[in-house]
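S.K.: Sequence and predicted structure, then a few things I'm wondering about:
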Amino acid sequence: MAEQFNLGFSDGIPGDDAPPITHITGYLSPEQRQALLTEARDYAFSSPEVQVYGKWHKIPREQLWLGDEGCQYQYSSLLIEPAPWPRYALKLKEKLNREFGAGFNGCLVNHYRDGRDAMGFHADNEPELVASAPVAIVSLGQARPFVMRRRADGHKVRLMLQSGDLLLMHAPMQALWEHAIPRSERPMDARLSFTFRRLSAFYHRAC
């Protein structure tokens, strides 16, 4: 049975020390996990270059942006056109929207090939994202720690995401906290992260 940490609690940490998240373990069945993992073998992943302090670097992971029409996504000076929804990623989007009413219309799929692939501290707060909407992370494959850091004082909360888990980050998470997937030196298998977002469609065409 899925275990759930409700809004305002993380790994049993109550009150003001907890980020505004909901963690549901075992959200996807083994069959659903396998269908997504098999489908993802054919995803057109890439490792684009981003500019950091004036220098260009390849991101330490692979990624693919999926989205509805008009859902372009921009970060680190990159404007990414959405790829069409594959069958099982679309089913997952529909499942999340049906169960949580979030109106998700875009998904960044991150492929962490091993423990050396990582994601630094950041917030999902790009202007085309609807700030009041949650961000949903569905984790598959290798279990990895998910670390959250409060902006005001650096307080950290660490959560282990297992294969099939769902993490919902509720507003004002992106305004008050940052999150990261730290690098590991020990051998690890691959991990996939499906991060669903709600965007203002055609935002960049209007700019």
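M.R.: Nice, I can see it.
S.K.: beta partners for residue 140?
M.R.: Beta-bridge pairing of residue 140 under DSSP bridges involves residue 192.
S.K.: got it, and residue 179?
M.R.: Following DSSP bridges, residue 179 is listed with bridge partners residue 122, residue 148.
S.K.: Remind me what the longest helix along the chain packs against, helices and strands.
M.R.: In the chain, taking DSSP state H as the definition, the longest helix is helix 87-100. When contacts are defined as 3 or more CB pairs under 8 Å, 6 or more residues apart in numbering; DSSP states H and E, helix 87-100 packs onto helix 30-40, strand 106-112, strand 135-141, strand 191-197. Where C-beta positions appear, they are placed from N, C-alpha and C, glycine not excepted.
S.K.: which is the next helix or strand following the lowest-mean-pLDDT helix or strand in the chain?
M.R.: One helix or strand of the chain scores below all others by mean pLDDT, DSSP states H and E: strand 4-5, with a mean of 34. Using DSSP states H and E, the next helix or strand after strand 4-5 towards the C-terminus is strand 21-24.
S.K.: Run me through the strand neighbours of that following strand, direction for each.
M.R.: Strand 21-24 has the following sheet partners, assigned by DSSP bridges: strand 4-5 (antiparallel), strand 166-169 (antiparallel).
S.K.: hmm, back to that, who wins for proximity to residue 155 among the helices and strands packed on helix 87-100?
M.R.: Closest of those to residue 155 is strand 135-141, at 20.1 Å (criterion: CB to CB).
S.K.: so the closest one versus strand 191-197, what angle?
M.R.: 160 degrees (axes from the mean of the first three to the mean of the last three CA atoms, to 10 degrees).
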